[in-house]
Structures are given as C-alpha cells and as structure tokens.
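Enquirer: Okay, predicted coordinates and the sequence, questions at the end:
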Amino acid sequence: MSTLLIDLAGYELEQEEIELLEHPLVAGLILFTRNFHDRAQLQALIQSVRQKVKKPLLITVDQEGGRVQRFRDGFTQLPAMQAFSALINDPIEQQKMAFEAGWQMAAEMTALDIDLSFAPVLDLGHQCKAIGDRSFGCEIKSAVDLASNFIRGMHQAGMAATGKHFPGHGHVIADSHLETPYDERSQEDIFNQDIQPFQQLIEQNLLQAIMPAHVIYSQCDNQPASGSKYWLQDILRSQLNFNGAIFSDDLGMKGAGFMGDFVVRSEQALNAGCDLLLLCNERDGVIQVLDNLKLSEKQSCFLLRQQRLQSLFKCKKLTWSELERTPRWLENRQKLTALQQQWLATKN
C-alpha cells in the first residue's frame, strides 16, 4: 500500500531518492524551498521525477501564501490569509479576492505539474505561533466564507483542497514544529468554535483531504489528534461523515515525538485513521519506516485508501506559457502582490 510522502534533498533528483520513491510504501513527495532555485530548475526537477520514477507520484507543496510560500521568485506573491478581512472592507470583495488567490495559487502549481498544495488553513485566530496570519480570521462565518471561496478557486484550477489543522490549532500558543502543544479547553468550546470551519466545509462537500494537528486536546483525548482514533475515526469519520483522505502532518515535527520513534509514529497515525503520512527532513527516519513498517489490511480498506489518494491528483492544467498569456493571471498577479505588500507594511 502506498502511504508515505517524503522529501528531496536539493535541486536535482539523486539516485538514492529514485530508489526511495520507487518503494511500494511511497505515494508521493513534498517540495520545499531548498528544492527551488528558479522556475526552470524546478520544472526540470519535477520532470525528472515524473520520468525516472516508474509509477504515478502525488507531488505536493505548502504554497499557502504569506509566510508559507515555498516558491517566490517568478511566482505571484500570494497574500497571507488574514489580509483579506484585515485590509478589504467589503465582505463580497474579500471573498472575490480569496477566490482569485485560490485559483492563482493552484493554476501556478498545476502549470508546473504539481498536484497539490496543502491549503487552506482553517484554524481560527492569530495568537498561535505556528498559525498567526495564516488564519483567515477569528470569526467562524467570515473564515468559512473566505475559505470556501479560496477552495472554489483551487477547484476551478483543477486542484483538490486540504483543510488543516483539524480540529483546530488556533488556540494553542506553542508551535508544534518545536514541541507538543496542549489545548486544555473543554470539548464544548472546541466543538462550538474551532471545529466549525471543518464541519461546515465538509457539509458543503468542499474538502477532499484533511490534515490533523499535532496537538493534544486534553479534555477530549490523551493523544495528539494526528494519532487519535477519537478525533479521526469517532469524530471526523463517524460524526462529521468525512469520506476524503486524511494526511498526517509531518511526522518529523517535534510535536509528533510524543508518539514515539518514526516507525511507531507511522503505525499510530495509520491505526488512528490517517491514509497518507508525511515524513520530512528525516532521511534516516524515512529509511527506518520503509524498512520496518509492516502493513496488513483488508482488501476493501486498501482499495478505499487508494481511491482517496487518486482523488488528490490534479485534474487539469495550463502550461506556464499559456498561464502567462491569461489576462486573469496577469490581473491577479498585480492585485494579490499589492495586497501582500500592503499587509507586510501594515504588520511592520
């Protein structure tokens, strides 16, 4: 069963990476800033992956906008999600701009043969160190309206949407990249607030994937949501009726360390209900998992996972030269860059 997404070391594909990517457990890869020198190099790297690895791989990236944008030079400078509501007064105009931002991001990524950008962030509030201005806002209705438009823009460009970080990372201060945060609030507070964007977008059938948080919600369960049967099976699958793919967040993050070593983390995330596992910046950990992770599941479960994986591949694309000639892309590039520049000036 293909379940693991791994990373690459640099600008060019290495022979060891070809061998790792061809392992039966590997479903795809995630690109980072260290893989990007310029657009021509990035296109060559992706083409090399597609040609040299003899199976379809899901190629992904975090290209949300704002401070989480792996590719910058030669690409549209996408605004932080908070900028829409903070700088545009009219809610209708906010939503229009969010729609165009979703389309612009997805159109640029699919033009390079990238299938999926892990977006959007559905966490509420800006106080969390890991989230900040990546969040659309603090108020549920506004956040859902903006997120739904951003997603519809992504869909129009042929890209699936991944809501993160379920059931909500916005009310912890600690950064799960560095430690395991604890959210001590009541179940009632979490269900009345943080989970609402996820629930409402699931009801609108807009999310193809969800990524849970490496956060322990101590009043609900003693495991991080990314390794919790309570959150992923009881709540996400059974109560919210989510049928799409569940990604683990990066199992190399310190917030996942609570679950054990890399093999144990992978086993716990899979057993909890994750379909696809991200393991980044830990080559030795990737090799440990590929050598030691033993998967046994019913054929029906295997087929369901693979069906969810297939739904995440891009379904259409323009070439970059076609995209550059599109009036919509040119207008969006100007407006979205100006909005982000204004946001940076406001923040500073």
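Expert: Sure, I can see it. Residues are numbered from 1 along each chain as shown.

Enquirer: From now on I want contacts and neighbour counts done on CA atoms only, so please keep to that.
Expert: OK.

Enquirer: Specify the beta-bridge partners of the closest residue to T162 other than its chain neighbours.
Expert: The shortest distance from T162 to any residue other than its chain neighbours is 4.5 Å, reached at A209 (C-alpha to C-alpha, 6 or more residues apart in numbering). For A209, the beta-bridge partners are T162, A245 (DSSP bridges).

Enquirer: any idea how far A209 is from Y230?
Expert: 18 Å (C-alpha to C-alpha, to the nearest Å).

Enquirer: Looking at these two, which one has more neighbours?
Expert: A209 (24 against 18; other C-alpha atoms under 10 Å).

Enquirer: ranges for the strands of the stretch 201-348 of the chain?
Expert: 209-212, 216-217, 245-246, 277-278 (DSSP state E, counting those that start in this stretch).

Enquirer: If you average the pLDDT over the first one, what comes out?
Expert: The predicted model gives strand 209-212 an average pLDDT of 96.

Enquirer: Can you work out which other helices and strands pack against that strand?
Expert: If you count contacts as 3 or more C-alpha pairs under 8 Å, 6 or more residues apart in numbering; DSSP states H and E, strand 209-212 packs onto strand 162-166, strand 245-246.

Enquirer: Kindly present the ones you listed as TSV, with separate columns for distance to N281.
Expert: As requested, these are exported to TSV (distance: least, C-alpha to C-alpha, whole Å):
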stretch	distance to N281
strand 162-166	20
strand 245-246	21
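
Enquirer: Out of the ones you listed, which gets nearest to F191?
Expert: Comparison of the helices and strands packed on strand 209-212 against F191 by C-alpha to C-alpha identifies strand 162-166 as nearest, at 11.2 Å.

Enquirer: circling back: show me the one of the strands of the stretch 201-348 of the chain that comes nearest E324.
Expert: Comparing the strands of the stretch 201-348 of the chain under C-alpha to C-alpha, the one sitting nearest is strand 209-212, at 29.2 Å.

Enquirer: so how far is Q199 from the spatially most central residue of the chain?
Expert: The geometric centre of the chain, computed from its C-alpha atoms, lies nearest to F118 (C-alpha atoms, centre = their mean), at 2.1 Å. Counting by C-alpha to C-alpha, the separation of F118 from Q199 is 18 Å.

Enquirer: swap in N89?
Expert: From N89 to Q199 the distance is 27 Å (C-alpha to C-alpha).
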